[in-house]
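Engineer: Any chance you can model this:
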Amino acid sequence: MKGHPMIHKPELRRPEFRRRDFLGLASVVTIGLMLTSCDAETTEKVDTSKSRNGAMDSFGVGDTFKATVPLTFTFLFSDQPTYPYKKDWLLFTKMASDNNVTLEPTIVPNSDYEQKRSLLISSGSAPEIIAKTYPGQEAAFVSAGAVLPVSDYVDLMPHFQEKVKKWKLEPEIEGLTQEDGKYYVLPGLHEELWPDYSLCFRKDVLKKEGLTAPTTWDEFREVLRSLKKAYPDVVPYSDRFKGDSVLNIASAAFGTQAGWGLVDGLQFDEDKKEFGFAAGSDKFKDLVTYFNSLVSEGLMDPESFTQTDDSAIQKFVSGKSFVISANSQNVITYRTSMEQSLGKGNFEIGKITVPGGPAGDIIGGTRLENGIMLNSSVKDKDSFVALIQYIDWLFYSDAGQEFSKWGVEGTTFTKSGGKRQLASDINFQGLNPAGTKDLRVEYGFSGGNFAYGGATELLQSTFNDEELAFQEAMKAKKPRPVPPPVPFNDIDREQATLALTPLKDHVKQNTLKFITGQRALGEFDAYVKELDSKGQTKYVELANKAYKAYADKK
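Structural biologist: Numbers count the residues shown, from 1 in each chain. Predicted coordinates for the structure are as follows:
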């Protein structure tokens, strides 16, 4: 399927997040400290028999939630410039008519969302439903009682419980646990791992040179060497995302963590049953040594780690490079641009399956997507049970997830034999190029505040044949094991967060230096000692203390 000029740039989906995600936490540590200075509210479970205004008396799997009286809930809304908020979206009018629920949004630009979310929570003025929260980002707000311990109320969420049990998500859910044994975020749930990012090749150039797509990182280097030999004036691989995407996907096959996947830096050793710091390991050294070889041989553009995405994309779409990182929607965008720069039919591009490496044919990732937090004040609402039932239906039922993604059957799409098709005048991500109305822009569906998680069939229902083939091929890969929880107490969390920031900065700086040759690989042992001086040992000790305390309670 070819691209279409109407396609909007997709939101950047973060491909590797876990409960211990400190990326958001570190940025709001000051906010977290402000919150911890407040008096923490009690986390004692509410007697829900007294807060059933609007709730359904009988609500189980397969039931559509409809409040028995009109209800209004406040909602923190991340606004995307490519499909800005409209109060009259069919998404909202249908909620009002079918669910008897009105959402009153606080609109925040996507670019400022995490910072604004933290400020609203710290000031006590956050809306009741706080969207777009990745597992781990809730940790800064737990100790002050600012967000609800949602695990206390999942007994009111039949669809959530069904998905966790049916898809065997218990290990991932356990990873959300805080020191008190509760969790405070409701994540999006995926039936299967969703690997989206890989490397996009000029497949026509490969065919011209008689080369096949590489299946291992060693083969990847050999293919680049062949391309360099055939095109000596070209650096065949120039990447985007500052190298964070390729380091993330490669690190799993090298038995370590890097790039986007570095997260909190902790890596669990299944044999020793303890955590270590991934970026100080021999396997991390193997990873940077490999990418150093690509740069030193002229196979990879050293600017891959510093250039803007636009610069990298321009090199690829103009034929100045042959390989670049991509997700499924990036490929469509590249193809659209290349039809203009190179001419339709003059090229062929596509993602390859993520290569295997020294640790095996392994991929990282998680089946938990970004989700929601609830302001702890919701427990005082007389409609608290109705709110929980509504969230369960909207975010976790098959019908609610289809509604958020596809819209209204008979209006925005039709369904026959289980297969969905957009209405003739509606387009979404190039599925129906003849459509003059965009599903997100005009109707509000498939937006990032609501449409995440779900069955594989629903997730893949908007994929083209090319992406479906990629996903099928990726099923042969072995997922990296889910690590156990590291539920820090308040004091240790503060120390760990303060230690992690300089550690990650040092890792990022030296990863670049080692790969690009600015620092000799022979200095790797010195670099590890520098990590120790910046708190690596203490940080790992705190993590293992938290893990062992949690394990001892089980």
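Engineer: quick one: the helices in the stretch 451-554 of the chain?
Structural biologist: Using DSSP state H, counting those that start in this stretch, the helices of the stretch 451-554 of the chain run over 456-459, 465-474, 490-516, 524-533, 536-553.
Engineer: Counting by contacts, list what the shortest one packs against.
Structural biologist: Helix 456-459 sits against helix 398-406, with contacts defined as 3 or more C-beta pairs under 8 Å, 6 or more residues apart in numbering; DSSP states H and E. Glycine gets a C-beta too; all of them are placed from N, C-alpha and C.
Engineer: Tell me the buried residues in the very next helix or strand once past the helix it packs on?
Structural biologist: Moving toward the C-terminus from helix 398-406, the next helix or strand (DSSP states H and E) is strand 413-416. By neighbour count on 16 or more other C-beta atoms under 10 Å, the buried set for strand 413-416 is residue 413.
Engineer: hmm, who's touching strand 413-416?
Structural biologist: 406, 407, 409, 420, 421, 422, 423, 426 (C-beta atoms under 8 Å, 6 or more residues apart in numbering).
Engineer: What of stretch 50-62?
Structural biologist: 63, 65-71, 100, 158-159, 162, 379, 381-386, 389, 392, 397.
Engineer: at 10 Å instead, please
Structural biologist: With contact meaning C-beta atoms under 10 Å, 6 or more residues apart in numbering, stretch 50-62 is reached by 48, 63-71, 100-101, 156-159, 161-163, 166, 378-390, 392-393, 396-399.
Engineer: and the helices of the stretch 451-554 of the chain, which is most packed in?
Structural biologist: helix 490-516 (a mean of 19; mean count of other C-beta atoms under 10 Å).
Engineer: what angle do that one and helix 536-553 make?
Structural biologist: Between the axis of helix 490-516 and that of helix 536-553 there is an angle of 130 degrees, by axes from the mean of the first three to the mean of the last three C-alpha atoms, to 10 degrees.
Engineer: For helix 490-516, which helices and strands make contact with it?
Structural biologist: helix 23-27, helix 29-36, helix 244-253, strand 274-277, helix 282-296, helix 524-533, helix 536-553 (3 or more C-beta pairs under 10 Å, 6 or more residues apart in numbering; DSSP states H and E).
Engineer: circling back: buried only: go through the contacts of stretch 50-62 for me.
Structural biologist: Among those, those scoring as buried are 48, 63, 65-67, 71, 100-101, 156-159, 162-163, 378-379, 381, 383-390, 392-393, 396-398 (criterion: 16+ other C-beta under 10 Å).
Engineer: and these, which of them are in helices?
Structural biologist: The helices, defined by DSSP state H, take in 158-159, 162-163, 384-390, 392-393, 396, 398 from those.
Engineer: of those, closest to residue 285?
Structural biologist: Ranked by distance to residue 285 (C-beta to C-beta), those are led by residue 163 at 40.2 Å.
Engineer: Would you check that my belief about that closest one contacting residue 453 is correct?
Structural biologist: Yes. Between residue 163 and residue 453 there is a contact at 8.2 Å, judged by C-beta atoms under 10 Å.
Engineer: got a list of what residue 96 touches?
Structural biologist: 70, 71, 72, 102, 103.
Engineer: I'd say residue 352 and residue 197 touch.
Structural biologist: No. Assessed by C-beta under 10 Å, residue 352 is found out of contact with residue 197, at 11.6 Å.
Engineer: pLDDT below threshold where in the chain?
Structural biologist: 1-43 (pLDDT under 70).
Engineer: go again using 80 as the cut-off
Structural biologist: Counting by pLDDT under 80, the chain contains low-confidence residues at 1-44, 554.
Engineer: which stretches of the stretch 151-300 of the chain form helices?
Structural biologist: Using DSSP H, counting those that start in this stretch, helices in the stretch 151-300 of the chain cover 158-166, 170-174, 203-208, 217-230, 244-253, 282-296.
Engineer: Would you mind finding the most buried of those helices?
Structural biologist: Buried most deeply of those, by mean count of other C-beta under 10 Å, is helix 244-253, with a mean of 25.
Engineer: elements contacting it?
Structural biologist: So helix 244-253, by 3+ C-beta pairs under 10 Å, 6+ apart, packs with strand 198-202, helix 217-230, helix 282-296, strand 323-326, strand 362-363, strand 478-479, helix 490-516.
Engineer: export the ones you listed to CSV and tack on distance to residue 356?
Structural biologist: Converted to CSV, the helices and strands packed on helix 244-253 look like this (distance: least, C-beta to C-beta, whole Å):
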stretch, distance to residue 356
strand 198-202, 13
helix 217-230, 7
helix 282-296, 13
strand 323-326, 17
strand 362-363, 7
strand 478-479, 9
helix 490-516, 20
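Engineer: Those: which one's closest to residue 524?
Structural biologist: Across those, closest to residue 524 is helix 282-296 (C-beta to C-beta), at 5.0 Å.
Engineer: just how off-centre is the closest one within its chain?
Structural biologist: In this view, helix 282-296 has its centroid 26 Å away from the chain centroid, taken as C-alpha atoms, centre = their mean, to the nearest Å.
Engineer: Name the residues of the helix or strand just after it that are buried.
Structural biologist: The helix or strand immediately downstream of helix 282-296 is helix 309-317, counting by DSSP H and E. Buried residues in helix 309-317, counting neighbours by 16+ other C-beta under 10 Å, are found at 312, 313, 314, 315, 316, 317.
Engineer: just stretch 263-276 next, same as before
Structural biologist: 263, 264, 265, 266, 267, 268, 275, 276.
Engineer: what does stretch 109-123 give?
Structural biologist: Within stretch 109-123, the residues that count as buried by 16+ other C-beta under 10 Å are 110, 113, 114, 116, 117, 118, 119, 120, 121, 122.
Engineer: Nearest to residue 152 among the residues you listed?
Structural biologist: residue 121 (19.1 Å).
Engineer: wait, the closest one sits on residue 145?
Structural biologist: No. When contacts are counted by C-beta under 10 Å, residue 121 is not listed as touching residue 145 (11.1 Å).
Engineer: what two of the ones in helices among the buried ones among the contacts of stretch 50-62 are the furthest from one another?
Structural biologist: 384 and 398 (24.6 Å).
Engineer: quick one, what contacts the closest residue to residue 530 other than its chain neighbours?
Structural biologist: Nearest residue to residue 530, sequence neighbours excluded (C-beta to C-beta, 6 or more residues apart in numbering): residue 506, at 6.4 Å. By C-beta under 10 Å, 6+ apart, residue 506 lies in contact with 279, 527, 530, 531, 533, 534, 535, 536.
Engineer: what's the spacing between the last one and residue 178?
Structural biologist: What it means is residue 536. 24 Å (C-beta to C-beta, to the nearest Å).
Engineer: got it, and the fourth one?
Structural biologist: Using C-beta to C-beta, one obtains 27 Å as the distance from residue 531 to residue 178.
Engineer: Identify, from the contacts of strand 413-416, the entry nearest to residue 475.
Structural biologist: Relative to residue 475, and with distances defined as C-beta to C-beta, the nearest of the contacts of strand 413-416 is residue 420, at 22.4 Å.
Engineer: did I read that right, that closest one in a helix?
Structural biologist: No. Looking at residue 420 with DSSP: H, G, I helix; E, B strand; the rest coil, it is strand, so not inside a helix.
Engineer: Which strand residues bridge it?
Structural biologist: Beta-bridge partners for residue 420, by DSSP bridges, are residue 415.
Engineer: What is the neighbour count of it?
Structural biologist: Other residues within reach of residue 420, judged by other C-beta atoms under 10 Å, total 19.
Engineer: Then the one 10 residues further on?
Structural biologist: Using other C-beta under 10 Å, residue 430 is surrounded by 21 other residues.
Engineer: now residue 106, what's its secondary structure?
Structural biologist: strand.
Engineer: those helices in the stretch 1-150 of the chain, which residues are they?
Structural biologist: Under DSSP H, counting those that start in this stretch, the stretch 1-150 of the chain gives helices at 23-27, 29-36, 90-94, 113-122.
Engineer: Of the helices and strands packed on helix 244-253, give the one that comes closest to residue 129.
Structural biologist: If we rank these by C-beta to C-beta, the stretch that ends up nearest is helix 490-516, at 24.9 Å.
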